[in-house]
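# with the sequence up front, the predicted model follows.
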Amino acid sequence: MRWGMVIDLRKCVGCQTCTIACKQTNNTPPKIFWRWVADIETGAYPEVRRQFVPMGCQHCTDAPCFEVCPTTATFKRADGIVDINYDLCIGCGYCIVACPYLARNIVFENVPYYAAGLIAPEQTQAHPDRIGVATKCNFCTPRVYAGLASGQKPGIDMDATPMCVGSCIANAMHFGDLDDAKSNVAQMVLANKTARLSDDLGTDPHVYYIVE
Amino acid sequence: MSTQKIPEYCYQCVAGPDLLNVCVEDGVATRIEPNWKFGGIHPGRGTVCVKAYGLIQKTYNPYRVKKPMVRTNPRKGRNEDPQWKEVSWDDALDLVAQKLLAIKAKGLRDENGYPRLAVTFGSGGIAPAYTGTLPALLGAWGPIDFGIGSGQGVKCYHSEHLYGEFWHRAFTVQSDTPRTKYLISFGNNNDASGGVLGVWRHAQARADGMKRVQFEPHLSVTGAHAEWVPIKPKTDAAVMFAMLHVILHENDWKKVCDVPHLKKMTNSPYLIAPDGMFLRDAESRKPLMWDASENRARAFDEKFEPAMAGEYVADGITIGADGEVCTYVGAQVETAFQKLLTHVQTYTPEWAEKISDVSAATTRRVANEFLAHANVGGTIEIEGRTYPHRPVAILLGKTVTNGWGGYECVWARTLMATLVGSLEVPGGTIGTTVRLNRPGHDRLASARPGPDGFMDQPLNPTDKQNWQAKPKLRNAYQTLVPLAGNSPWSAALGPAHLPWLFMKNPPDNWPRPTTPDVWITYRTNPAISHWDSDTVSEMMATFPFIVSLAYTVDETNWNADVLLPEATDLESYQLYRIGGTKYIEQYWKHQGFAIRQPAVKLPVDARDLCDIATELAKRLGMLNEYIAALNKGGGTGIPLKSAEFDFSLPSDVSPSTADIWDRACKAATREMSGGKAEHDLAWFKENGAFFVPFPEKDWFLHGAMEDKGLRYELPYQERIWRSGKELANRLHEQRIEWWDVQLQEYQPMPKWKDFPDIWARIAEQFDKKPDDFDLWLLTSRSMQYSWGSNVGIPVLADVAKNIRGHSGVMMNAATGKKLGIQEGDWVWIESPIKRVKGHAILREGVRPDCAVTLQQFGHWVTPVAKDLDMPNMNALTPLHLAITDATGSGADVVRVRVYKA
C-alpha cells in the first residue's frame, strides 16, 4: 500500500477551500499551512500564464526531510506517509530547510487568530505537543484510518479521505492507494499526462499533478 | 467527548445555498464539513466553498456586539465616538418601537410623500436567507423605502438583470456548462463568484475539453484557465458588435445562422416602418411580416414563411409614443433583420481594434470559432423532448453589464446567442432566475403571452395617465426606470444611489429626498460598499434614528442609535428554498428546502431575527397583521395554508420561533411533495434538507416559449424605444432635463458610443484635468470575500493572502517600474475626488494602463478588517449623474493616478 494523491491542475482555481478545510481539520495556527494553493504567474505581458498549484507535503519515497532529521522524529510509514513523532522532534529546523516543497513549519507559541485571545474552538482543539516542533501534512492519517476501521474506503468515502480532497469544490484532488492498479489514483496516473514537483531531485513524491 | 454533526445551509453568496455540517464537540463548534450525504443531489458533491469554513470564527468572534446598545453621543459622523451604552433587550426594543409608533402616529409617508421608514439589506440577493421572519413584519407595516442603496447597481449585474429578464426571463444569465463546448467571456469571473457549482461545473467542462476565451483587462482567477485577451476597459461592446459583423457580413448568414429559429421565435422578420416602429395591420394592430410568395404583408401570427431580409413596399400603421398612430400607404419598409444587417455593417473587427486594443484577427477568429462550435441544426433529447443543441455560450462580468455600455453589451451578447439559436437551449446561454415577474420560483410559468407575440413584461407605466410623476420612494425607480418593474425586488433594482446623491444635491424640479425618520440596516455597510463612500457616510450621519441589526461595530452602524445583536448563521432558524434554478450556476435536478438552525449556545446576548420581529410586532400592536403575513408566507416564503393543508398560526397568540418554522417545515414539504410527504422542524433539524426531483427540461425556457408560441423580443427593441420616448415626454412635461442623457439609451438597436471617454471626462465635473488621471482603476471579486459580510474573520484573510491581490493594488510591472514603484511599496491611488493608500502588487497579468483592487475594504472601525491595509476603490468612485446609465446603474471604473507614498 502506498497512499498518494493526484491533483488535476486543469481544474484547480486557487479558491483555498482545501487550505481552510485543512486548517480547521488540523487546527493549525495563523500563517501555518499544511495545505495551500500557490498562485503562480509566468511570462511577460501580454503573453502571461497564471496557474494554481496545491502545495503541501509530497510524501516522498526519498524524503530529504527524513534524511536530515537528527533524531529520527521524521519517519516513513509502511503505507508511504511521511510523518513526525513530536516526542522525538527537537525543533532544530533542518527538515524545514531541506524540504524542497516548503511543506514544513514550526511555531513556538500558540498564537490566536483574534488579537483578543484564543477563542473556544482554538482552546478546545489546542495541540501543545506541536509547539516548538516541525509540523506538516500527514494525509489526515487519523481520519483515513478511522474511516478504514469503520469499513469505509479512503478516496471514495469522503469521511475516510483527507479533508483537502473531500472539501475540494473543483473535484481537482484525489486520494488513494497508488500501489493498487485498480484504484482511482492509479487509474488517473495511467490515463493522464502527469508531472511531479521537482521530479529531477529524485525525491519520488507520492503526489502527481495532471497537467493537461 | 461528545461530537454532533448539525446540518445547516450556507448562503453567503448568490451561488447557493450549499449544505454543510457543523461539528460540535462538547458544545463547541469546532469545524465545518461538507454535507456529503447529499453528494448525489447537490451538483457539487455536497461541498461548500472557503467562506463557509469561516463561520466557526464568525460565531466566536470576540469583537461581536455582545448586548443591545444605544448611542449616548447625539452627534454622528466618523469622528464622533457613539459612546455606546449597554441596555437590556426590553429597553432596546421599547426604544425602537417608540420611534416606529411615532411614525404611525404621524403617518407612514412624510410631507414629500416618501416613506418615513427605510430598510436597507445588503449582500445582494442573499439577505433573505438570513432575515428570518423580519420580512413578515415589514410586509405588514405598509410603505417602506427599500431603495436607499448599499452599492447595488455598481456591484451587481444590473443591465443583465433588467434586460435579461425582459428578453428571456434571465435575471441571472448562465451557460449550460455541462454541455457548453465553447465559452466566450467578457470579464465574467466565475471561478471567484460562481460558488461551488460554478467552480465544479466549469472545472469538469474544462477537463472535458470546453474552450474558454476571456476578454478582460487583468488576468483574473477565471482567466487563468482561458485564452486571455487583455481588452481595454469599457470597450467590450465594440468587440461584440464586431463579432456580430463577422457573423452577419463575413459569413453567409443564411448558412451560419439558425434561420428557422430567427423566423419563428424572434422579431427578425417584423417589418419596420420609416419612423422606426413596427409596421402594423391597421385593424388588428398586429405587427406585420412580409410574405414573399404572395408579395404582401401579413400579420405575425399567420402561418406562412416570412422574409428575413429585404426592403418592401407596404401599407399599415405604426403606434408611437403616447399612442400616436401614423398611417403609411405604399411605404418603403424593411425587416428588423435587414435593419440589423445595416446596423452592424460598419462595426468591423478593424474598427473595434482601434477602440479596444483587441486585434482584428482575434475578434474574427473568436467569432468564427463560436460559429464553428454552434452546431446549428443539431438537436438533443432531454427527458423525452427534442431541443436544439447549441454548445456555445457568452457570459459577461459585472463591470461589463453595469453602467454605460451595459445595454449595448447585453444586447449584443443575447443577440449573438439568438442568431445561432443558442438562447435557452441545451449547451447555450440560459437564464436561472426571475425577480420582476411572477411566480418568482417558476421561470417557465412566468413566461406569459404579452403584446405582439412577445412575453408579457410589467414595465413601469410611462403613459400620461399612469406615469408616477411624484416618486413614492427616494430612488424613484417607478418614475425613472420602466424596466425595473414594480415587484418586491424593484426598489433595490432602481437607481439606488440617487437617494444619497439627491439628498445632498437635489436636481431641478424634483422633490428633495428627505431623510427617513427611521432607517433599519441589516448585513449592509454602505459607508464602505457604496460608491463615493465619504458622501454616503456624511449623509447617513444626518439620519435622525438608525437601528442596526449588528454583528460587530462597523462603519455604517457607527452612526446607529440602537444596535441589536443578531444571532448569526449557525445560531438562528430559517427554512430556505434550495435547488431548481436560481442565480449563479444554480440549476439542479432536484429542488427542495434546507434548514439553518442553532448549532451551539449563543456566546453573546444576541437574538434570532424571528424573535426580534415577533417582539416588535407585539410592541407595535401589530401581532395580528404580522401573523396574517406569516400565514400568507411572508418572511418564510412558504404559505402556511392551501387547499390541501392548513398549518396557519392562530391569530391571537404570540408564536414562538420554533413553532413558526415547525409549521413552515410541514407546509413546505406538503406543498413540494404534492401532499406525499410531511416533515416537521425536528425532522429537518436531524436531516438537514428535503428534496424532490426537478425536471432538467425546466432549465431551458425554450420549451415554454415554443409551447406558448412566443417570440424573443430580439433583435429590435420597439417596446423599449417607445417607453423611452414616453418617459422623455413625461419628464419634459415636468421640466426635468437632468435625465436627458439617460434617455438617449433607449434605442431600437444600440449604437457604439465612446464609453471610456465618459469615465475619462468625469474629472472635469470636479474641476480636474482628465489627462492627469492616466490609469483605469478596476475591481475584481474574490471568492474568499464576495457577498459574505465576512471581512472581520481573520482565517479568511489568512488563506486569501495566498491569492494575488489580497494585499493591495495590482499594477502592471512595467508601469510600476516607469513610476518608480516596487513590489510592496506604499502608493497613493488618487481619483478626481479622493486618494487612498495601498501596497503595490506588481504583475504581468494586468494591462499597463490599469490598476486593480479586489473587493471592498478600507474599513476604519470594523474589527480585524481595519487592520488589513487594503485600499477601497469605492472611496474614489464619484457619485454623479454623468456616470449613471438609464437603468440607474454605474460601473466599478474610475480614472486614477498612482504614485509612491
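Thanks, I have it.

# contact partners for residue 131?
If you meant another chain, say so; for now it's chain A. Counting by C-beta atoms under 8 Å, 6 or more residues apart in numbering or on different chains, A:I131 makes contact with A:V107, A:F108, A:E109, A:N110. Every residue, glycine included, has its C-beta placed from N, CA and C.

# chain B was what I was after
Per C-beta under 8 Å, 6+ apart, neighbours of B:T131: B:F121, B:Y522, B:L609, B:G635.

# can you tell me which of the residues you listed are in strands?
Within the contacts of B:T131, residues falling in strands by DSSP state E are B:F121, B:Y522.

# of the contacts of B:T131, which is the nearest to A:R50?
Distance to A:R50, by C-beta to C-beta, is smallest for B:F121 among the contacts of B:T131, at 35.1 Å.

# partners of that closest one in the sheet?
B:Y522 (DSSP bridges).

# ok, B:P449 next?
Counting by DSSP bridges, the residues bridging with B:P449 are B:M455.

# hmm, what's the outermost residue in the chain?
You didn't say which chain, so I picked chain A. A:P46 (33.6 Å; C-alpha atoms, centre = their mean).

# was after chain B, sorry
Here chain B reaches farthest from its C-alpha mean at B:E294, the gap being 47.2 Å by C-alpha atoms, centre = their mean.

# how about whichever strand or helix holds B:A840, does it get close to chain A?
B:A840 is located in strand B:835-843, with elements delineated by DSSP states H and E. Yes: applying C-beta under 8 Å from any C-beta of the partner chain, one finds strand B:835-843 touching chain A at B:R843.

# same thing with stretch B:5-21?
No: Stretch B:5-21 is not in contact with chain A by C-beta under 8 Å from any C-beta; minimum separation 8.9 Å.

# now do that stretch, average pLDDT.
The average pLDDT for stretch B:5-21 rounds to 96.

# return it as CSV; C-alpha atoms alone will do.
Taking C-alpha atoms only, stretch B:5-21 is exported to CSV below (Å, rounded to 0.1, in the frame of the first residue of the first chain):
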residue,chain,number,x,y,z
LYS,B,5,-22.9,17.0,13.3
ILE,B,6,-25.5,19.7,12.9
PRO,B,7,-26.8,20.2,9.3
GLU,B,8,-27.0,23.8,8.0
TYR,B,9,-27.1,25.6,4.8
CYS,B,10,-24.6,28.2,3.7
TYR,B,11,-25.9,31.1,1.6
GLN,B,12,-23.1,33.6,1.9
CYS,B,13,-23.1,34.2,-1.8
VAL,B,14,-25.6,34.3,-4.6
ALA,B,15,-24.4,31.0,-5.9
GLY,B,16,-26.1,28.9,-3.2
PRO,B,17,-27.3,27.6,-0.9
ASP,B,18,-24.9,24.8,-0.3
LEU,B,19,-25.2,22.2,2.5
LEU,B,20,-22.8,21.7,5.4
ASN,B,21,-22.5,20.1,8.8
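
# and that stretch, what's buried?
Residues of stretch B:5-21 classed as buried: B:6-21 (neighbour count, 16 or more other C-beta atoms under 10 Å in any protein chain shown).
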